[in-house]
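In: The sequence isn't on hand, but the structure is:
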């Protein structure tokens, strides 16, 4: 199958669904995501909105990923580590490389890399403020 650039919401949804299929089956990440997310279809649509906002600068996502991830960390007993974000990022890159190429795929990698660092730092700071 020839790879193409990410151009439409349908492409973003395909990327998000393919990626989270891997996450759900992952031995380390799967138990965390499957314990937190109860409506996967709704979550996939929300994440498609998020990535469509990130990649196409269309304001579709209105949530707060920082507080969402801080909440996940709290619900999981403060077990989230940089390793979890590294595993997540590796699967994101792997999925992008399997399915797409081009500038938008590169942007998706770059944004995810920056976001993963920022989100873990915000989790860490939140933990410190609660101590």
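Out: Done, it's in. Everything numeric here is computed off the predicted structure, so don't read it as measured data. Numbering: from 1, shown residues only.
In: what comes into contact with stretch 114-125?
Out: 65, 66, 69, 70, 73, 80, 82, 85, 86, 88, 89 (CB atoms under 8 Å, 6 or more residues apart in numbering). Using the backbone N, CA and C atoms, a C-beta is placed for each residue, glycine as well.
In: Need the residues you listed in CSV (columns: distance to residue 47).
Out: Formatted as CSV, the contacts of stretch 114-125 follow (distance: CB to CB, whole Å):
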residue, distance to residue 47
65, 10
66, 15
69, 13
70, 17
73, 18
80, 18
82, 21
85, 16
86, 19
88, 12
89, 15
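In: ok, longest helix in the chain?
Out: Secondary structure assigned by DSSP state H gives helix 103-130 as the longest helix of the chain.
In: Just the buried residues from the contacts of stretch 114-125, in PyMOL please.
Out: Per 16 or more other CB atoms under 10 Å, the buried members of the contacts of stretch 114-125 correspond to this PyMOL selection:
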select buried, resi 66+69+70+73+80+85+88+89
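In: which one of the contacts of stretch 114-125 sits closest to residue 110?
Out: Nearest to residue 110 out of the contacts of stretch 114-125 is residue 89 (CB to CB; 11.2 Å).
In: I'd assumed residue 111 was in contact with that closest one.
Out: No - using CB atoms under 8 Å, residue 89 is not in contact with residue 111; the gap is 11.1 Å.
In: and residue 87, how many residues sit next to it?
Out: 16 (other CB atoms under 10 Å).
In: now swap in the one 3 residues further on and tell me
Out: The burial metric for residue 90, expressed as a neighbour count using other CB under 10 Å, is 10.
In: check contacts around residue 74.
Out: Neighbours of residue 74 in contact, by CB under 8 Å, 6+ apart: none.
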